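J.: sequence and computational prediction follow.
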Amino acid sequence: MPAVSSFTISCEALNVDQTFSEGDTIIGQVILSLSKATKAKRLFVKAKGDANVHWTEERGDTTHTYSAHRRYFKLKQFLIPEDSEETVLPEGNHVYNFSFRIPSENMPSSFRGTHGIIVYKLEAKLSRSWRIDSTAQKEFKFVSKSFSNFRTLLNEQTGSTEKRMGLFSKGQVHLDATVNKTAYTPGETMHIFAKVDNASSRNMTPKFSLIRTFKFFANGKSKSTMKTVEKMVDKVITPHTQQEVKCALKIPTDEMPSIENCDIISVTHQLKVYLDISFAFDPEIAFPVVIAHPMFGAQLNGSLDPYPAGVYGGPTNSDFPPPVAPYPAPPYPGSHGYPDAKSPYVPPPTYPTDPQVYSGPPGAYPYQPPPTFRAHTNPVPLEPSPYGSPFSSSFSGLQYPPPVLAFSMPTSSPPNQPAFASVSPSAPSFNLNPSAPEMNADFLSQTNDAPPAYTLLFPTSTPGKSEDI
């Protein structure tokens, strides 16, 4: 009679679907039932995730084998210490508790296909002297939460194509198509709108197809299979007519999710909108489609935000605080990512180590009105420069417009004091009066009189006295 009556492993479910994702903690038990006292060397449990690909191809009399393997994580926990001597386990049931935290990394969802699998499982092993190891295994379903750009999956997709007919017909056809978004869940309906301009002499039929493609990669080779998941056909469009077509294509409830984050296995979906024309190449528009797990139905329908409110950007594993949202805030749906309505701008955080910027003594640069150049003005900023005063040690960069400094020399300096001690900066002054008197005379009514003297238009600095040139 064997000493090990039963050896099982179990884990607690986190949700109704009994799925796990990145960062979740697996809590379980290893149950060992013994019919008699037994000596055990080691008892451990591990959690791991692996992807494997394998297929063969025959070419004549030669068979070629292709295989690949990827290890995503492996965690191990000893229930009986490895370095200890043989432990005597008494007869009866022995229950060992364990817990693992799944790494918060980008890993693909569970998958089983013809030429490859992605499996996540728990495995317990009991080692005894002069005995074959006893093992217990349990697979758990892993659902990836990694999306390349979640918000773009909710955007509408549009496309267009045009085809000129061949030898057996005349004219051309133009097709425009729109689909309401990119990501869906099984059982959801895709809403498609198409506009057809049939300026040819042929009949054509609008068709809509949802296609799934499996691809497996190994040793520099690939193997793919394609299947039409769902298809709908609309009415025939006669020659020289325009027609708008609406289609509601429902995704099957048992359709498997897309896998796009595994380098040896991929599951992709595609929506094809095309016109079926006899004896001619069909014009078509292809839209990428992502099928997500049903647990993401609320987020993909817009009722829930996948990221916490008030956070700018996607989830992160960094220990640093999230970045401050720029102003203006990005136009995300709902109120997520926006600051309070009464305060539309959130200033950046301040830290004690920030250097203090010196803006100069008060009144050093009094406000001056802008100069006038004909009908245009050159405004001067009212606020002080954010780079501080040019005399401050924290000054860096250029100011625009650059300040103009006027220095005044004192007539006499106090004893033991340098002559430049009283130098103080001042802003430039602007003369708003014209440099020459205005001439308001009407040029059409001018006479042949001699023009005014030069000294009248441009008087010298000393009245009554002219300078030699």
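T.: Done, it's in.
J.: just for the stretch 151-300 of the chain, where's the confidence low?
T.: Applying pLDDT under 70 to the stretch 151-300 of the chain flags residues 167-168.
J.: and the strands in it?
T.: Taking DSSP state E, counting those that start in this stretch as the criterion, the stretch 151-300 of the chain contains strands spanning 157-164, 171-179, 183-184, 189-200, 205-218, 221-233, 241-250, 265-276, 284-291.
J.: what strands flank the third one, and is each parallel or antiparallel?
T.: Strand 183-184 has the following sheet partners, assigned by DSSP bridges: strand 284-291 (parallel).
J.: which residues does the strand it pairs with contact?
T.: 147, 153, 157, 159-161, 175, 177, 179, 182-186, 190, 210, 251, 255-258, 260, 268-275 (C-beta atoms under 8 Å, 6 or more residues apart in numbering). C-beta here means a position set from N, CA and C on the backbone, and glycine is covered the same way.
J.: how about the strands of the stretch 151-300 of the chain, which one is nearest N106?
T.: With C-beta to C-beta as the measure, strand 265-276 is the member of the strands of the stretch 151-300 of the chain nearest N106 (14.2 Å).
J.: next up, the contacts around P103.
T.: Contacts for P103 (C-beta under 8 Å, 6+ apart) come out as E22, G23, F73.
J.: surely it is in a strand?
T.: No - going by DSSP: H, G, I helix; E, B strand; the rest coil, the assignment for P103 is coil, not a strand.
J.: quick one: it from F20, how far?
T.: 12 Å (C-beta to C-beta, to the nearest Å).
J.: before we move on, the earlier item: buried deepest among the strands of the stretch 151-300 of the chain, which one?
T.: Most buried of these, by mean neighbour count (mean count of other C-beta atoms under 10 Å): strand 183-184, with a mean of 24.
J.: per-domain residue ranges of this protein.
T.: 4-142, 154-300 (automatic domain parsing).
J.: now do the longest one: distance from first to last residue.
T.: To tie it back to what came earlier, the one meant is domain 154-300. 7 Å (C-alpha to C-alpha, to the nearest Å).
J.: which strand residues bridge the closest residue to S224 other than its chain neighbours?
T.: In space, S224 comes closest to K215 once its chain neighbours are excluded; the distance is 4.5 Å by C-beta to C-beta, 6 or more residues apart in numbering. Counting by DSSP bridges, K215 forms beta bridges with S224, S266.
J.: mind starting the numbering at 32 from now?
T.: Done: numbering now begins at 32, and the last item shifts to K246.
J.: how close does K246 sit to H125?
T.: 46 Å.
J.: what ranges does the protein have for its helices?
T.: For the chain, the helices defined by DSSP state H occupy 328-331, 485-488.
J.: just the buried residues of the contacts of P134.
T.: When these are checked for burial by 16 or more other C-beta atoms under 10 Å, the buried set is E53.
J.: of all the contacts of P134, which comes closest to A225?
T.: E53 (38.6 Å).
J.: do I have it right that the closest one meets E136?
T.: Yes - if you go by C-beta atoms under 8 Å, E53 and E136 touch, sitting 6.5 Å apart.
J.: give the contact list for H85.
T.: Counting by C-beta under 8 Å, 6+ apart, the residues that H85 touches are T96, Y97, S98, H146, G147, A249.
J.: farthest-apart pair in those residues, please.
T.: Pairwise over the contacts of H85, using C-beta to C-beta, the maximum falls at T96 and G147, 13.8 Å.
J.: name the residue in these two with the higher neighbour count.
T.: G147 (24 against 10; other C-beta atoms under 10 Å).
J.: and the pLDDT at that one?
T.: If you check G147, the pLDDT there is 96.
J.: give me the beta-bridge partners of it?
T.: Where G147 sits in a bridge, its partners, by DSSP bridges, are V84.
J.: and it, how far from D81?
T.: Taken as C-beta to C-beta, the span from G147 to D81 is 11 Å.
J.: next up, the contacts around Q273.
T.: K226, V227, D228, N229.
J.: go again with 7 Å.
T.: Counting by C-beta atoms under 7 Å, 6 or more residues apart in numbering, Q273 makes contact with V227, D228.
J.: cool, and F75?
T.: Counting by C-beta under 7 Å, 6+ apart, the residues that F75 touches are K107, Q108, F109, L110, K156.
J.: which of the residues you listed are buried? Put it as a PyMOL command.
T.: To isolate the buried members of the contacts of F75 in PyMOL, using 16+ other C-beta under 10 Å:
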select buried, resi 110+156
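J.: against S41, how distant is the nearest residue to T272 once chain neighbours are set aside?
T.: Closest residue to T272 apart from its sequence neighbours, by C-beta to C-beta, 6+ apart: N229 at 5.5 Å. According to C-beta to C-beta, N229 and S41 sit 62 Å apart.
J.: just V204 next, same as before
T.: V204 is 61 Å from S41, by C-beta to C-beta.
J.: quick one: neighbours of V119, just the number.
T.: Other residues close to V119 by other C-beta under 10 Å number 9.
J.: again, but for the one 3 residues further on
T.: Here the number of neighbours of E122 (other C-beta under 10 Å) works out to 13.
J.: so it versus T166, what's the distance?
T.: Relative to T166, and taking C-beta to C-beta, E122 is found at 21 Å.
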